[in-house]
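Trainee: Generate coordinates for the sequence data below:
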Amino acid sequence: MIGGGVLYLFTKQTKIYTNSLSKNAELTNESEYGKNYDWPSASEDSGIPASYEWAIKANGWNKGEREGASIFYTKGDHKIDVISATKKLDIIRVK
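Mentor: Purely as a prediction, here's the structure:
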């Protein structure tokens with residue numbers, strides 16, 4: 001496993017995880033729709049670090065389209081939006 005804390009997102013029926021963020025990612029907000037983090041490794045220009053992208057893929061998520069700082073990932077019927085901005089990371093449950 002890469003990094004420290006495991007990130008979990010919840011749907012009504014299924015617990016979805018995208019794997020781990022590094023230990024220096026600080027959860028700043030959480031709702032039924034997703035989670036927001038302060039994370040020094042996140043970048044709007046470069047996106048998420050390659051190690052985190054690899055961890056997402058290793059857990060069965062398929063990378064989809066990119067729209068600016070937003071990248072969509074799908075796993076079965078589930079879809080998340082990973083938004084990487086300068087030192088910020090948002091992970092939003094789309095469906």
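
Trainee: where are the low-confidence patches of this structure?
Mentor: The model of the chain has pLDDT under 70 over residues 1-22.

Trainee: Could you rerun that using 90?
Mentor: Within the chain, the ranges that satisfy pLDDT under 90 run 1-27, 30-35, 39-42, 44-61, 66-69, 75, 78, 91, 93-95.

Trainee: Can you list the residue ranges for helices in it?
Mentor: Taking DSSP state H to define them, one finds helices in the chain at 50-58.

Trainee: can you point me to the longest strand in it?
Mentor: Identified as the longest strand of the chain according to DSSP state E is strand 78-85.

Trainee: can you list the residues that contact that one?
Mentor: Outside strand 78-85, the residues that touch it by Cβ atoms under 8 Å, 6 or more residues apart in numbering are 9, 11, 14, 16, 18, 34, 42-44, 47-48, 56, 61, 64, 69-74, 89-95. Every residue, glycine included, has its C-beta placed from N, CA and C.

Trainee: angle of that strand against helix 50-58?
Mentor: 170 degrees (axes from the mean of the first three to the mean of the last three Cα atoms, to 10 degrees).

Trainee: Can you tell me the strand partners of strand 78-85 and which way each runs?
Mentor: Sheet partners assigned to strand 78-85 using DSSP bridges are listed as strand 70-75 (antiparallel), strand 88-93 (antiparallel).

Trainee: I figured residue 65 hits residue 72, correct?
Mentor: Yes. Using Cβ atoms under 8 Å, residue 65 is in contact with residue 72, at 5.7 Å.

Trainee: What's the PyMOL line that selects buried ones from the contacts of strand 78-85?
Mentor: To isolate the buried subset of the contacts of strand 78-85 in PyMOL, counting by 16 or more other Cβ atoms under 10 Å, use the following:
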select buried, resi 9+16+18+34+42+43+47+48+56+61+69+71+72+73+89+90+91+92+93
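
Trainee: contact partners of stretch 40-48?
Mentor: With Cβ under 8 Å, 6+ apart as the criterion, stretch 40-48 contacts 22, 24-25, 49, 52-53, 66, 69, 71, 82, 84-89.

Trainee: Put the alpha carbons of that stretch into PDB.
Mentor: The C-alpha trace of stretch 40-48 is given here as PDB (Å, rounded to 0.1, in the frame of the first residue of the first chain):
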ATOM      1  CA  PRO A  40       1.000  19.500  -0.700                       C
ATOM      2  CA  SER A  41       1.500  16.900  -3.400                       C
ATOM      3  CA  ALA A  42      -1.500  17.900  -5.400                       C
ATOM      4  CA  SER A  43      -1.000  20.200  -8.400                       C
ATOM      5  CA  GLU A  44      -3.400  21.800 -10.900                       C
ATOM      6  CA  ASP A  45      -0.800  21.800 -13.600                       C
ATOM      7  CA  SER A  46       0.700  18.300 -13.000                       C
ATOM      8  CA  GLY A  47      -2.400  16.600 -11.500                       C
ATOM      9  CA  ILE A  48      -2.000  13.900  -8.800                       C
END
